[in-house]
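Asks: here is the input, now give the coordinates:
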Amino acid sequence: MMISILALATALASVLLMAGSLRMVAQDTFAALSDMAQRARVGGNLRARVAFAALWVLIFALSYM
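Replies: Residues are numbered from 1 along each chain as shown. So this is what the prediction gives:
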């Protein structure tokens, strides 16, 4: 019983920490993606990078099915 309570408390604390920093994670992700898109547009290889990203998304999606 004590282990279950400890496990639930740990899981709750993890969820609260993650939810508290979700805005910062979203902002950092947006900044990284927009920076990557800007560099890809300037470099002229946007199509190749999008195809590579789509390939990885397809691989991961198919591995979970």
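
Asks: now Ser34: how far from Arg41?
Replies: 11 Å (CB to CB, to the nearest Å). Just so you know, the C-beta spots here come from the backbone N, C-alpha and C atoms, and that holds for glycine as well.

Asks: where do the helices sit along the chain?
Replies: 2-20, 22-43, 46-63 (DSSP state H).

Asks: please state the backbone phi and psi of Ser21?
Replies: phi -110, psi 10 (degrees, to the nearest 10).

Asks: pLDDT below threshold where in the protein?
Replies: By pLDDT under 70, the chain has no low-scoring segment.

Asks: closest to the centroid, which residue in the chain?
Replies: Thr29 (7.3 Å; CA atoms, centre = their mean).

Asks: against Ser14, how distant is that residue?
Replies: The value you get for Thr29 to Ser14, if CB to CB is used, is 20 Å.

Asks: sorry, back to before: what sits against the residue nearest to the centre of the chain?
Replies: If a contact means CB atoms under 8 Å, 6 or more residues apart in numbering, then Thr29 has no contacts.

Asks: that one and Leu6, how far apart?
Replies: For Thr29, the distance to Leu6 - CB to CB - is 32 Å.

Asks: and for Phe60?
Replies: 33 Å.

Asks: ok, Met36 next?
Replies: When Met36 is compared with Leu6 (using CB to CB), they lie 41 Å apart.

Asks: more neighbours: those two, which one.
Replies: The residue with more neighbours, out of Met36 and Leu6, is Met36; 13 against 10, by other CB atoms under 10 Å.

Asks: gap between the more buried one and Thr29?
Replies: On the measure of CB to CB, Met36 and Thr29 end up 11 Å apart.

Asks: do Tyr64 as well
Replies: In terms of CB to CB, Tyr64 sits 21 Å off from Thr29.

Asks: and for Gly43?
Replies: From Gly43 to Thr29 the distance is 21 Å (CB to CB).
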